[in-house]
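Following is a predicted model, sequence given first.
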Amino acid sequence: MTDQAYNFAYLDEDTKRMIRRAILKGLAVPGYQVPFASREMPMPYGWGTGGVQVTAATLRPDDVLKVLDQGADDTTNAVSIRKFFQRTASVATTESTGGATVIQTRHRIPETPLTEDQILVYQVPIPEPMRFLEPRETETRRIHALADYGLMQVRLYEDIARHGEIATSYAYPVEVAGRYVMDPSPIPKFDNPKMSDCPAIQLFGAGREQRIYAVPPYTQVVSLDFDDHPFVASKAEHECAICGSGDSYLDEVITDDAGGRMFVCSDTDYCARRAEGGAA
Amino acid sequence: MNELSGGFADPAIESAIAFRAILKVTARPGRVETLTGHSGPAPISSAAAAVLLVLVDRTTPLHLAGDHDNPALRQWIAFHCGAPVVAAEEAVFALGSWAALTPLDRFAIGTPEYPDRAATLIVDGHDFDAKPAELRGPGIKGKAKLALPERKAFIANRARFPLGWDTFFCGGDRLAALPRSTEVR
């Protein structure tokens, strides 16, 4: 039952219209960060206020919402955002990737391949991929205007010079549709290839930084690299201790004070399905 | 029925449902969706009326071209959207037939720093059964087809990507979109 004190999906209609216009411009210019008048949400910045606003402007009453946090459906962030939309939009929720129509995610792309009928909403802390290289917004804006991304290549090169390989392991920069360099949000670089040619609509919301961007379906998303140091979608060289999967992204869990550890799937839905002997 | 009817009865729910159709056609150029249940004074189509109701408000200056610039429609827009009606050069949205919207170089195409500050054209009275053009680009698996009023303008618009205007096509209750990222052949 929707809490009648709120408009459908919490935000007022003016705000939703503004966000919807930003989403459409984002889709028209894939990878470009559209400024939007981010609202204060009833949760702190860093908890996914950008993603929540994009989800709120996107939801239909008949949607089935899944929220995942670092791959898990049962952590605080995921549970509270799911409850937020249960209460304010009365939408159905699920933990199953296949059963969801809108998936809001913090820092993972589900292991189960997405479909054309799904929308993936990313929570983004720092949308500007060049920000740690160039703090001035006026300059990063010019960098994007001129597609002058040499600075990023230098950063990746310095990784190689220092570590012998590109050490960036998450928020690994990508080029979208051959034009804009984009921050894929802090997903592990293992997930980067899933963004390319994806049948689902991918939307990104950064609340504190007031930016929305998008990747339309079937769009080329290329992880930046060098001919002699190609991009590698790396993961821990183990199998999941619960479901035995050898090709899902793994979290390392410390089990005692004596150096004991185990590796388990970060995607809890995928892991549970496999452990139950399902089709995943 | 009166001159102002045809808007949303339940704005939050109806706009959410209509927006998803708009989102789908924008994300997947070539797809045609139907938007029913909304209407405005002639000559606006029900699809174009829904697009206005979902996206246009007092913060988005609107240009009315040709027959769409009439007192009844102006009143309907003032009542439901509140958008200021402006010249083409200042418009965030523009509504009219393809012929009435030309010349297209009047519309904002954004700036290199802010390509989002570009106009959105709502082409009304679109003939979805006209000869289709072939589309490629973001949102399209391989290639797609969509009837277009002409090709030249869209090829030129794509050539200046990331600048350029974006287009909705409305005819009756049917809606399609051609964002500037789409290659037309």
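Yep, that arrived.

Which parts of the stretch 151-280 of chain A are helices?
Remark: helices assigned in the stretch 151-280 of chain A by DSSP state H, counting those that start in this stretch are A:192-195, A:268-275.

now the stretch 1-150 of chain A, which segments are flagged as low pLDDT?
A:1-3 (pLDDT under 70).

Show me what from it comes close to chain B.
Where the stretch 1-150 of chain A comes near chain B, counting by C-beta under 8 Å from any C-beta of the partner chain, the residues are A:7-9, A:13-14, A:16-18, A:20-30, A:32, A:34-35, A:57-61, A:119, A:141-142, A:144-146. C-beta here means a position set from N, CA and C on the backbone, and glycine is covered the same way.

Get me the contact residues on chain B for chain A.
B:11-13, B:15-17, B:19-20, B:22-23, B:26-28, B:54-57, B:59-60, B:111-116, B:118, B:120, B:137-141, B:161-162, B:166, B:179-181.

which intervals of chain B have sub-threshold pLDDT?
Ranges of chain B meeting pLDDT under 70: B:1.

Longest helix of it, counting residues only.
helix B:11-27 (DSSP state H).

Mind splitting chain A into its structural domains?
Following automatic domain parsing, one gets these domains for chain A: A:13-133+A:141-223, A:235-280.

any idea which of these is most buried?
With neighbours defined as mean count of other C-beta atoms under 10 Å in any protein chain shown, the domains of chain A peak in mean count at domain A:13-133+A:141-223, which reaches a mean of 21.

ok, residue 43 - contacts?
Picking chain A for this. A:M43 makes contact with A:T49, A:V52, A:S80, A:I81, A:F84 under the criterion C-beta atoms under 8 Å, 6 or more residues apart in numbering or on different chains.

Chain B, not that one
With C-beta under 8 Å, 6+ apart, B:P43 has these contacts: B:D67, B:H68, B:S97, B:D124, B:G125.

For the closest residue to the third one other than its chain neighbours, give its distance to B:E33.
If you skip the residues right next to it in sequence, B:S97 has B:G125 as its closest partner in space, 4.9 Å away by C-beta to C-beta, 6 or more residues apart in numbering or on different chains. Shown here: B:G125 relative to B:E33, a distance of 17 Å by C-beta to C-beta, to the nearest Å.

Touching, A:D197 and A:Q220? I think so.
Yes - counting by C-beta atoms under 8 Å, A:D197 does reach A:Q220; the two are 6.8 Å apart.

Between the two, which contacts overlap?
Going by C-beta under 8 Å, 6+ apart, no residue sits against A:D197 while also sitting against A:Q220.

who's in contact with B:W76?
B:E3, B:L4, B:G6, B:G40, B:P41, B:I44.

Counting only helices, which of the contacts of A:M43 make the cut?
Using DSSP H, these in helices are A:T49, A:V52, A:S80, A:I81, A:F84.

Report the beta-bridge partner residues of the residue positioned nearest the centre of chain B.
Centrality entry for chain B: nearest residue to the mean C-alpha point is B:I122, 2.3 Å, by C-alpha atoms, centre = their mean. Applying DSSP bridges to B:I122 gives these bridge partners: B:L95, B:F168.

Could you list the low-pLDDT ranges of the stretch 151-280 of chain A?
A:278-280.

closest point of it to chain B, which residue?
A:P216 (3.7 Å; C-beta to the nearest C-beta).

quick one: that residue from A:M130, how far?
The value you get for A:P216 to A:M130, if C-beta to C-beta is used, is 23 Å.

quick check: angle from the longest helix along chain A to helix B:11-27?
Longest helix in chain A, counting residues (DSSP H): helix A:13-28. Orientation of helix A:13-28 against helix B:11-27 (axes from the mean of the first three to the mean of the last three C-alpha atoms, to 10 degrees) gives an angle of 10 degrees.

The longest helix of chain B: what's the following helix or strand?
Going down the chain from helix B:11-27, the next helix or strand is strand B:33-34, by DSSP states H and E.

So for stretch B:85-94, what gets flagged as buried?
B:V86, B:A88, B:A91, B:V92, B:F93, B:A94 (16 or more other C-beta atoms under 10 Å in any protein chain shown).

Give the burial count for the closest residue to the third one other than its chain neighbours, as a bare number.
Closest residue in space to B:A91, ignoring its immediate chain neighbours: B:H63 at 3.5 Å, by C-beta to C-beta, 6+ apart. By the measure other C-beta atoms under 10 Å in any protein chain shown, the count of residues near B:H63 is 25.
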